[in-house]
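# need a structure here:
(one chain, ligands or ions: 1)
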Amino acid sequence: MPRFFTNLSECIRCGVCVKACPKGLIYQNEENIPQMTDGAESRCNNCGQCVAYCPTEASMQTYSERAHLEAALQYKSERSETILKFLKSRRSNRNYLPVPLSRQELLKILETANFAPSGGNNRTLRWILIEDQQKMNEMRKLIAQWFDTTCREHPVYSKRYAIDSILSRIQKGQDVIFRGAPHVVYCVGPEKATWGPVDTGIALTYFNLACEAMNIGCCFAGYATKSAETQNIRDFLGIGFEEKVWCALCFGRKSLVPYRIPNRGEVPVTFL
Ligand SMILES: Cc1cc2nc3c(=O)[nH]c(=O)nc-3n(C[C@H](O)[C@H](O)[C@H](O)COP(=O)(O)O)c2cc1C
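Just a heads-up that it's a prediction; the model follows:
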């Protein structure tokens, strides 16, 4: 079955799918019926632009059976300020209730984050999400071990990145890495992926905003990311050969909520 096809009874021959395809893989034949160009199937990566922009639901592609298609949210000017305020109100959250989220909530967040754009729509990333509280505690111990080893073996590096002072807080029983969050998600992908770090930043931002929309707090976890370079943490997570943990984010129900939006100062922009 071709990756793109048209329901002829609903296609109005408008050519929007032709304009929408980022790779120019669709053309209109002499009867203005959209079709895939020769050899296009191997180049189509199911980005879904043809389906998204089709005004009559005539376009279909492999992933997009009609029954599963949700209507896209349409722009409404009166909502703009609220959405902008939502974005500015998102804060890193470092205080959590010790209550795990349900599998249903986790899937809802992940399914939204799965819509993050990626370079070339290649979607090379995958998620590893610690759901189980015992595994979270095991991970806390492995990270504490990494801090300890790093301090002993690389004292200069440890001082520069405050690893020594964090270790002393861990030794006092403080969870400075996950801040008591019940979950952490790791964004993992091929280490040679050209857009790996950029794709990860976007994917985790989508994840973070999906959480925020559900009143779930998040914090990017830089130290947890760094410690995931060590082999025992890679093994614990099941990181494959030539895979890299690009970044981690801890999250859970908020025990504190922000009341104000802090000032960020002037925007460092150059207009040309
Ligand atoms: C790549 C990255 C790594 C981060 N690592 C940590 C971390 O290890 N611990 C932490 O408490 N916050 C971490 N943060 C959160 C930032 O400190 C936070 O986003 C910044 O202070 C701005 O605050 P806001 O998110 O509330 O606007 C990290 C943020 C990013 C983008």
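# interface residues of this protein facing the ligand?
Applying Cβ under 6 Å from any ligand atom, we find that the chain lies next to the ligand at 91, 92, 94, 219, 220, 221, 222, 223, 247. For the C-beta atoms, the positions are set from N, CA and C on the backbone; glycine is no exception.
# I'd assumed residue 137 was in a helix, is it?
Yes - under DSSP: H, G, I helix; E, B strand; the rest coil, residue 137 sits within a helix.
# mind listing the strands for the protein?
Applying DSSP state E to the chain gives strands spanning 4-6, 26-28, 34-36, 59-61, 126-130, 183-190, 216-220, 243-253.
# related to what we said a few turns ago, quick check on the residues of the chain next to the ligand: which are buried?
91, 94, 219, 221, 223, 247 (16 or more other Cβ atoms under 10 Å).
# Nearest to the ligand: which residue in this protein?
For the chain, the nearest residue to the ligand under the criterion Cβ to the nearest ligand atom is residue 222, separated by 2.8 Å.
# Just list the residues touching that residue, thanks.
Contacts for residue 222 were tallied using Cβ atoms under 8 Å, 6 or more residues apart in numbering; they are residue 247.
# Also residue 4?
Counting by Cβ under 8 Å, 6+ apart, residue 4 touches 17, 21, 25, 26, 34, 36, 40, 44, 50, 59, 60, 61.
# Run through the helices of the protein in chain order.
16-20, 49-53, 80-89, 103-113, 133-153, 155-160, 163-171, 196-213, 222-227, 231-237 (DSSP state H).
# Any idea which of those gets closest to residue 270?
Closest to residue 270 of the helices of the chain, according to Cβ to Cβ: helix 196-213, at 21.0 Å.
# Can you name the residues in contact with that closest one?
Contacts for helix 196-213 (Cβ under 8 Å, 6+ apart): 86-87, 89-90, 108-110, 112-113, 115-119, 122, 124-125, 185, 187, 189-190, 193, 217-218, 220, 244, 246-247, 249, 251.
# ok, back up a step: from residue 249, how far out is the residue of the chain closest to the ligand?
Going from residue 222 to residue 249 by Cβ to Cβ, to the nearest Å gives 10 Å.
# got it, and residue 62?
Counting by Cβ to Cβ, the gap from residue 62 to residue 249 is 30 Å.
# more crowded one of the two?
Set residue 62 next to residue 249 and count neighbours by other Cβ atoms under 10 Å: residue 249 wins out with 27 against 15.
# Show the model's pLDDT score for the more buried one.
Looking at residue 249, its pLDDT reads 98.
# re earlier: now which of the contacts of helix 196-213 would you call buried?
90, 108-109, 112-113, 116, 118, 124-125, 185, 187, 189, 193, 217-218, 244, 246-247, 249, 251.
# Least confident secondary structure element in the chain?
strand 59-61 (a mean of 84; mean pLDDT, DSSP states H and E).
# Please name the strands paired to it in the sheet, noting orientation.
The pairing partners recorded for strand 59-61 under DSSP bridges are strand 4-6 (antiparallel).
# Any regions of the stretch 101-250 of the chain where pLDDT drops low?
In the predicted model, the stretch 101-250 of the chain carries no residue with pLDDT under 70.
# Restrict stretch 42-59 to CA atoms and write it as CSV.
The C-alpha coordinates for stretch 42-59 follow below in CSV (Å, rounded to 0.1, in the frame of the first residue of the first chain):
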residue,chain,number,x,y,z
SER,A,42,11.1,5.0,0.1
ARG,A,43,11.6,8.7,0.8
CYS,A,44,8.3,9.4,2.6
ASN,A,45,8.9,9.2,6.4
ASN,A,46,5.2,9.6,7.4
CYS,A,47,5.6,13.1,8.7
GLY,A,48,1.8,13.5,8.3
GLN,A,49,1.9,17.0,6.7
CYS,A,50,-0.4,15.9,3.8
VAL,A,51,-2.9,14.6,6.3
ALA,A,52,-2.7,17.5,8.6
TYR,A,53,-3.3,20.2,6.0
CYS,A,54,-5.9,18.4,3.9
PRO,A,55,-9.1,20.5,4.3
THR,A,56,-11.5,17.5,3.6
GLU,A,57,-9.9,14.6,5.4
ALA,A,58,-9.2,13.0,2.0
SER,A,59,-5.5,12.5,2.4
